[in-house]
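>>> Predicted structure and sequence below. I'll ask about it afterward.
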2 protein chains.
Amino acid sequence: MTTDHLPGTSPRRGRPRDAARDRALMAATLDELRLHGYGGLTTAAVARRAGVSTATLYRRWRSKEHLVVQAAAVWAEDLGPDRDTGSLRSDLRALLHDKAEALDGPSGQLLRAILGEAAHNRALADVLVGEYVAPLQERVASLVARAEERGEIPPVEDPMVVGELVIGPMVTHTFLVPHEPGGRPGRDMAERLLPYLLRALGARGE
Amino acid sequence: MTTDHLPGTSPRRGRPRDAARDRALMAATLDELRLHGYGGLTTAAVARRAGVSTATLYRRWRSKEHLVVQAAAVWAEDLGPDRDTGSLRSDLRALLHDKAEALDGPSGQLLRAILGEAAHNRALADVLVGEYVAPLQERVASLVARAEERGEIPPVEDPMVVGELVIGPMVTHTFLVPHEPGGRPGRDMAERLLPYLLRALGARGE
């Protein structure tokens, strides 16, 4: 099952009708992943959901692995833009809620579906870092730098740990603990995390 | 792929030879999960690794799902015993290193392999909570209670968040960021987390 490199994952260029069909296939792939996980996804079900033949699917992607890697890469992570809200507390709350929003929705289900497979698939692991880990770490670094400039916290010695403290507890709370259908475990944990994170950063008055 | 309830996951009682065979099948299941993930595991490969026929396997477990649920349940989580080491710092370091040890080893690979599948499988989700989440939360509660009694920290308002702060960052660091083969991302993160967690808990002098 190891797929170290996946050259040619991009669908061939084509006419507008082909582009619409590709989008439908990507959306269908994400739906199947969310509903059935990587192990339960079949190219036949994806083709059926997208309303195309499996032959059409295989003309564009040569395997299930190629299809999923491409779908994960076009999946836009719902991490909102970095913005200066004026204080560490409100900057951090905005980031926590942006991540919670993503985790509680389809992005979270997709992340969960591909996490196990990424252990065996270098291309999927690269997508995870590029789409998920790097944008979060950049936003944490910006937020921490602003708080240091404002004199709200002492210099942070290890910003990467702060990034893991922001996302890690929401991920484990969402993925390891069963929740009611329609529950919002990410949002719940975001609010409960905030005072602990402010103290961890040494924020004044916490 | 939904398997809400799995009655009869226990193998039938039998002679000692059967018990040894069952153990070999459980070990083979865990090896296949670690190496190939849930999606890549086949009952044929498990039977081959255990040196039995697939017919023998199916006499004991009626499906791949039943086999994996049972294997995950017998998998002993490497979380060491709770012990009073005399201070919050050393209690917390011991817990972080016990979890890191587990995450960096076969237990971590197994957790990663079943995490996605547990989204669709109630029995696997129950195993995760019973074997993984509950023991950690109990140990965190004991450690926090001792630190409060010693007067090292003010009362902790939300012990479950502390549990997620202990495990979450190590899980995301281990699962989301690619590491060199043989790397110890959990252990690395455990040491870097410690000062942040002590401050988050309001430990004196941090």
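Received the coordinates, thanks.
>>> Surely A:K64 touches A:T43?
Yes - counting by C-beta atoms under 8 Å, A:T43 is a contact partner of A:K64 at 5.5 Å. (Glycine included, C-beta is placed from N, CA and C.)
>>> Show me which helix runs longest in chain A.
The residue-count maximum for a helix in chain A (DSSP state H) belongs to helix A:16-40.
>>> pLDDT averaged over it - what is it?
In this model, helix A:16-40 carries a mean pLDDT of 85.
>>> which parts of it are buried?
Residues A:21-22, A:25-40 are the ones in helix A:16-40 that count as buried (16 or more other C-beta atoms under 10 Å in any protein chain shown).
>>> ok, how many other residues are close to A:R204?
Counted with other C-beta atoms under 10 Å in any protein chain shown, the neighbours of A:R204 add up to 10.
>>> now do A:L194
By other C-beta under 10 Å, 17 other residues sit near A:L194.
>>> Now it. Its backbone dihedrals?
A:L194 has phi and psi values of phi -50, psi -50 when expressed as degrees, to the nearest 10.
>>> ok, for it, nearest residue in space, not its chain neighbours?
For A:L194, ignoring the flanking residues on the chain, the nearest one in space by C-beta to C-beta, 6 or more residues apart in numbering or on different chains is A:R93 at 5.9 Å.
>>> what about that neighbour, distance to A:L198?
10 Å (C-beta to C-beta, to the nearest Å).
>>> Repeat that for A:K99.
Taken as C-beta to C-beta, the span from A:K99 to A:L198 is 16 Å.
>>> Does chain B have contacts with stretch A:169-178?
Yes - Stretch A:169-178 is in contact with chain B by C-beta under 8 Å from any C-beta of the partner chain, via A:169-173, A:175-178.
>>> what's the answer for stretch A:33-49, then?
Yes - against chain B, stretch A:33-49 shows contacts by C-beta under 8 Å from any C-beta at A:36-40.
>>> That stretch: how far from the chain's middle?
Distance of stretch A:33-49 from the chain centroid (C-alpha atoms, centre = their mean, to the nearest Å) equals 19 Å.
>>> Show me where chain A has its helices.
A:16-40, A:43-50, A:54-60, A:64-74, A:88-104, A:106-118, A:122-128, A:134-149, A:159-176, A:185-200.
>>> mind putting the ones you listed in TSV, distance to B:V68 included?
Below are these laid out as TSV (distance: least, C-beta to C-beta, whole Å):
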stretch	distance to B:V68
helix A:16-40	10
helix A:43-50	22
helix A:54-60	28
helix A:64-74	20
helix A:88-104	25
helix A:106-118	12
helix A:122-128	21
helix A:134-149	31
helix A:159-176	17
helix A:185-200	24
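>>> So for B:A190, which of those sits nearest?
helix A:159-176 (10.7 Å; C-beta to C-beta).
>>> Can you name every helix or strand that that closest one contacts?
On a contact count with 3 or more C-beta pairs under 8 Å, 6 or more residues apart in numbering or on different chains; DSSP states H and E, helix A:159-176 meets helix A:88-104, helix A:106-118, helix A:134-149, helix A:185-200, helix B:106-118, helix B:159-176, helix B:185-200.
>>> I'd like to check the angle between it and helix A:134-149, please.
130 degrees (axes from the mean of the first three to the mean of the last three C-alpha atoms, to 10 degrees).
>>> can you pull the buried residues of helix A:159-176?
Residues of helix A:159-176 classed as buried by neighbour count (16+ other C-beta under 10 Å): A:160-176.
>>> and the closest residue to A:H97 other than its chain neighbours, what is it in contact with?
Of all residues not flanking A:H97 in the chain, A:A190 sits nearest, at 5.5 Å (C-beta to C-beta, 6+ apart). A:A190 makes contacts with A:93, A:96-97, A:99-100, A:170, as judged by C-beta atoms under 8 Å, 6 or more residues apart in numbering or on different chains.
>>> if we can go back for a sec, pull the distance from the longest helix of chain A to the chain's centre.
17 Å.
>>> ditto for stretch A:173-191
16 Å.
>>> can you tell me the average pLDDT over that stretch?
90.
>>> try stretch A:54-70
The average pLDDT within stretch A:54-70 is 90.
>>> What residues sit buried inside that stretch?
A:57, A:60-61, A:64-70.
>>> same thing with stretch A:149-156?
Buried, per 16+ other C-beta under 10 Å, within stretch A:149-156: A:152-153, A:156.
>>> now do stretch A:177-195
Neighbour-count burial for stretch A:177-195, with 16+ other C-beta under 10 Å as criterion, is recorded at A:177, A:184-190, A:192-195.
>>> cool, and stretch A:130-150?
Neighbour-count burial for stretch A:130-150 [16+ other C-beta under 10 Å]: A:131-133, A:136-137, A:139-144, A:146-147.
>>> Can you lay out those as CSV showing pLDDT?
Shown next, in CSV, are those (pLDDT from 0 to 100):
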residue, pLDDT
A:E131, 81
A:Y132, 84
A:V133, 88
A:L136, 90
A:Q137, 92
A:R139, 92
A:V140, 94
A:A141, 94
A:S142, 95
A:L143, 95
A:V144, 96
A:R146, 97
A:A147, 97
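>>> For A:G182, see how far away A:D158 is.
For A:D158, the distance to A:G182 (C-beta to C-beta) stands at 37 Å.
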